[in-house]
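Visitor: Here's my sequence, what's the structure:
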Amino acid sequence: MALVDMGVRAVSSRLPKVISPRNHAIIDYVMAGAFFAMVPVLWNRKRRAAIAALACGAVETTTSMLTDYPGGVAKAISFRTHGRMDAGLSGVIASLPNLLAFNEDRSALFFRSQGLGLGAVTSMTDFGPEPREERSRFRRRGYAA
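Guide: Numbers count the residues shown, from 1 in each chain. Prediction:
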């Protein structure tokens, strides 16, 4: 897993930051809609995959609605934190077929491509400069920045 993480970091640091917060919000809602659209498609064939799609759609919608960006409703999560959550969520989404034992099914391709897409969108989004106080707080505690 550490090798994959190093590879993703190497590739993502070289991607151009061309996605604005507004476009990121649109993409987030479209991805959530894709998850919700797959629920009835998967329900009769692979119920675990359908439930996973429903859960992923709910998580993506909830984080989008709570984020402080255009399209967010409650503005409880900063856009930078949303990006960190998306980075983690992309890995979880891509690994769900293995975790829920439907990795041999065709629906696994959907989850893996959604996870890859979310990771790419997160890597290409301009989250702005890191706030100064956040940088110094991490350095004081000894975390890698």
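Visitor: Beta-bridge partners for residue 125, please?
Guide: residue 19 (DSSP bridges).
Visitor: doesn't residue 19 make contact with it?
Guide: Yes: the pair residue 125 / residue 19 is scored as a contact, 4.3 Å apart, by C-beta atoms under 8 Å. (Glycine included, C-beta is placed from N, CA and C.)
Visitor: Now for the chain, the helix or strand with the poorest mean pLDDT.
Guide: Lowest on mean pLDDT, DSSP states H and E among the helices and strands of the chain sits helix 132-141, with a mean of 56.
Visitor: Does residue 15 touch residue 122 like I think?
Guide: No: judged on C-beta under 8 Å, residue 15 makes no contact with residue 122 at a distance of 9.8 Å.
Visitor: Which one's more surrounded, those two?
Guide: residue 122 (24 against 13; other C-beta atoms under 10 Å).
Visitor: And for residue 67, the neighbour number?
Guide: 27.
Visitor: Show me what counts as buried in the helix or strand harbouring residue 111.
Guide: Using DSSP states H and E, residue 111 sits within helix 107-123. Neighbour counts over helix 107-123 (16 or more other C-beta atoms under 10 Å) mark 107-108, 110-112, 114-115, 117-123 as buried.
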